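Student: the following block contains a protein sequence and its predicted model.
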Amino acid sequence: MVAAMRPEQHVIAPDLPGFGDHPLPDGITPDAAWYVEQVDLLRAAMGIERMDLGGTSMGGALATAYAIAHPDRVGRLVLLAPAGVNPPVRNDFMKLADTGANPLDIQSRDDLVRIMGMVFKRPPPVPEPLIEAMVERAQRLRPSTLRIVAALRPFLAGGLDG
């Protein structure tokens, strides 16, 4: 999403705790309310009064939750395939999540390829070194990913209308 922005736009792409190189702190429940608070703390620390928000998948659901909690602090909301929206047709990824399974639990190359097959109609070709790096990262982040998915499951399963 960031690459599509105009040069005059100031873009901040936070590394939310548990999603990248920012570790998930011990002793917290990383649910939607906690992530909304983290985004608001960042906004305040940066001295931003009002901002446009964008998000993809789980980030879209969290951006929406932020906009609901703080409508006076959000201008536009740009969402790409946001989680938490109950569509009329559920894809295989959603159906797997509906069973209680965690489709984001990537422990092997086969898991990643299977998940890509669920979320893309025609999965893009991905160079083998990138696949290996993605699997290594997923394995490294697995403990926090499992915590995040468990904490966010009620929020995502209930839908943003819930």
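Tutor: Cool, the structure landed.
Student: just name the shakiest helix or strand of this structure by mean pLDDT.
Tutor: Lowest on mean pLDDT, DSSP states H and E among the helices and strands of the chain sits helix 92-98, with a mean of 81.
Student: show me the contacts for residue 55.
Tutor: 61, 62, 63, 64, 78, 79, 80, 82 (CB atoms under 8 Å, 6 or more residues apart in numbering). To be clear about C-beta, it is placed using only N, CA and C from the backbone, and glycine gets the same treatment.
Student: what subset of these is buried?
Tutor: Neighbour counting with 16 or more other CB atoms under 10 Å marks 61, 62, 63, 64, 79, 82 as buried within those.
Student: residue contacts, the third one?
Tutor: Put plainly, it is residue 63. Taking CB under 8 Å, 6+ apart, one finds 53, 54, 55, 77, 79, 82 in contact with residue 63.
Student: bridge partners for the third one, pull those for me.
Tutor: According to DSSP bridges, the partner residues bridging residue 55 are residue 79.
Student: show me where the protein has strands.
Tutor: Assigned by DSSP state E, the strands in the chain fall at 51-56, 74-80.
Student: neighbours of the nearest residue to residue 15 once chain neighbours are set aside, how many?
Tutor: If the residues on either side of it in the chain are set aside, residue 15 comes closest to residue 22, at 4.3 Å by CB to CB, 6 or more residues apart in numbering. Each residue near residue 22 was counted by other CB atoms under 10 Å, and the total is 13.
Student: picking up where we left off before, can you lay out the strands of the chain as TSV showing mean pLDDT?
Tutor: Output for the strands of the chain, formatted as TSV (pLDDT from 0 to 100):
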stretch	mean pLDDT
strand 51-56	93
strand 74-80	93
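Student: so which of those is nearest residue 111?
Tutor: Between residue 111 and those, the shortest gap by CB to CB is with strand 51-56, which sits at 20.2 Å.
Student: separation between residue 7 and residue 48?
Tutor: Residue 7 sits 19 Å away from residue 48, going by CB to CB, to the nearest Å.
Student: give me the more crowded residue out of the two.
Tutor: The residue with more neighbours, out of residue 7 and residue 48, is residue 48; 13 against 5, by other CB under 10 Å.
Student: need the pLDDT of the more buried one.
Tutor: pLDDT for residue 48: 95.
Student: how about residue 82: what's its closest non-neighbour residue?
Tutor: Of all residues not flanking residue 82 in the chain, residue 60 sits nearest, at 2.7 Å (CB to CB, 6+ apart).
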